[in-house]
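Chemist: With the input below, show me the fold.
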Amino acid sequence: MAKLDDVAKLAGVSVTTVSRVINQYGYLSQKTIDKVYAAMRELNYLPNTAARSLQGKATNLIGLIFPDVSEPFFGEMVQRLENIFFSHGYKVILCNSGVDRQKEREHLRMLLANKVDGIITGTHNADVAGYENSSAPIISFDRSLAAGIPIVSSDNLAGGRLAAETLLAAGAKKLVIITGVNAPGFPTYGRYEGFVDYLAAHSIKPAVHRCLGPTPTLKAMQLQSILRNCEADGYFCTSDPTAIMLMCEAQKLSLRIPDDIKVVGYDATSLVRSLFPTLTTIAQPIEDCAILLADLLRQRIANPQVGLERNYILPVQLLRGTSA
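Modeler: Below you'll find the predicted structure:
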């Protein structure tokens with residue numbers, strides 16, 4: 001990690017001047033302030049007086065960076081992680097990154113500045129710098145971030161295949177996959193690949209739709225348009241909230257489930273299983289993922305040089321409802 005005198009040397013000022021810039025003390029020209037901040041950014045210097053006073057002691061803080069905990073899956077994952085870490089004497093700092101790379105970068109810098117003992121991240125932004133040079137151990141959920149950072153995920157490829165197999169077995173002939181961010185490296189891409197590959201082996205090419213409505217109302221409008229225009233009888237949604245919303249829009253169009261259309265979702269959170277038991281869905285092992293993520297991070301905290309595998313892929317399973 002860069003030190004105060006490294007910043008001073010690069011900026012061409014004294015250590016006292018750097019300290020005054022950081023603490024906003026006394027009069028300084030804007031030119032001097034800009035030089036110091038430019039040097040801090042170049043060196044990835046993270047000032048934090050309280051953290052520095054710890055002199056290398058553990059903070060018993062864990063950083064969690066996830067896209068949006070209002071989504072049932074991430075909400076349940078974070079709750080399970082917080083419970084596990086609390087039982088081991090840690091507190092967590094939670095960051096919602098959304099789909100904003102700059103926000104994610106700032107959250108990462110903040111966590112490192114506060115000297116967290118470790119970080120678990122399951123973000124959905126691409127090419128975010130900083131992870132590869134992190135001073136804290138990191139474990140990733142479902143994303144490839146940088147070399148040396150272990151990845152825990154469920155078997156997205158198998159999940160996509162299982163969804164296709166389920167819809168075909170239910171009698172669906174014209175199929176659609178409704179996904180979110182659909183690019184290599186993102187969780188939903190494996191689900192897409194598995195779904196498309198399984199159908200290709202049966203000489204079927206599904207329609208593919210990305211549904212990224214920024215608000216529930218706009219997303220519902222997108223889904224209703226898909227239902228009106230596709231004339232399909234089988235739908236695979238790569239998240240349960242999307243599947244549930246699709247079913248609601250289908251009912252508005254007087255489409256019967258599963259007679260007219262069959263629907264398969266993905267995730268199977270406790271909330272969805274309790275409120276929407278009719279949804280047929282691919283269940284991720286959320287508890288197992290959380291336990292493994294926490295265990296791997298605690299191993300890295302105890303010994304940063306411990307050898308860990310690159311990928312940990314946990315099995316998924318079909319939970320049958322009446323929607324397919």
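
Chemist: so where do the helices sit in this structure?
Modeler: Secondary structure of the chain, counting by DSSP state H: helices at 4-11, 15-23, 30-43, 49-53, 72-87, 101-113, 156-169, 187-200, 216-230, 240-252, 270-275, 286-302.

Chemist: Not counting residues beside it along the chain, what's closest to residue 216?
Modeler: Counting by C-beta to C-beta, 6 or more residues apart in numbering, residue 216 lies nearest to residue 245, which is 7.5 Å off, once chain neighbours are set aside. In short, each C-beta sits where N, CA and C put it, glycine included.

Chemist: Next: residue 272.
Modeler: In space, residue 272 is closest to residue 240, 4.6 Å off (C-beta to C-beta, 6+ apart).

Chemist: re the thing from before, next one: the residue nearest to residue 216 relative to residue 211, how far apart?
Modeler: Separation of residue 245 from residue 211 (C-beta to C-beta, to the nearest Å) stands at 9 Å.

Chemist: For these two, list the residues in contact with both.
Modeler: 219, 223 (C-beta atoms under 8 Å, 6 or more residues apart in numbering).

Chemist: how is the protein carved up into domains?
Modeler: 4-45, 56-149, 156-285 (automatic domain parsing).

Chemist: Select, out of those, the one closest to residue 313.
Modeler: Between residue 313 and these, the shortest separation by C-beta to C-beta is 8.6 Å, and it involves domain 156-285.

Chemist: Can you give me the end-to-end span of the closest one?
Modeler: Domain 156-285 has an end-to-end distance of 12 Å (C-alpha to C-alpha, to the nearest Å).

Chemist: residue contacts, residue 270?
Modeler: Residue 270 makes contact with residue 76, according to C-beta under 8 Å, 6+ apart.

Chemist: Roughly how far does it sit from residue 276?
Modeler: Here residue 270 is placed at a distance of 11 Å from residue 276 (C-beta to C-beta).

Chemist: try residue 147
Modeler: Residue 147 is 40 Å from residue 276, where distance means C-beta to C-beta.

Chemist: weakest of the helices of the chain by average pLDDT?
Modeler: When the helices of the chain are ranked by mean pLDDT, helix 49-53 comes last with a mean of 46.

Chemist: Give me the number of neighbouring residues for the closest residue to residue 212 other than its chain neighbours.
Modeler: Of all residues not flanking residue 212 in the chain, residue 180 sits nearest, at 6.1 Å (C-beta to C-beta, 6+ apart). Using other C-beta atoms under 10 Å, residue 180 is surrounded by 20 other residues.

Chemist: Next up, the contacts around residue 180.
Modeler: Residue 180 touches 124, 186, 188, 210, 211, 212, 238, 239, 242, counting by C-beta under 8 Å, 6+ apart.

Chemist: Roughly how far does residue 163 sit from residue 212?
Modeler: 20 Å.

Chemist: More neighbours: which of the two?
Modeler: For residue 163 versus residue 212, the count of surrounding residues by other C-beta under 10 Å is larger for residue 163: 30 against 12.

Chemist: List the residues that contact that one.
Modeler: 191, 194, 195, 236, 264, 266, 282.

Chemist: Equivalent analysis for residue 291, please.
Modeler: Going by C-beta under 8 Å, 6+ apart, residue 291 touches 80, 84.
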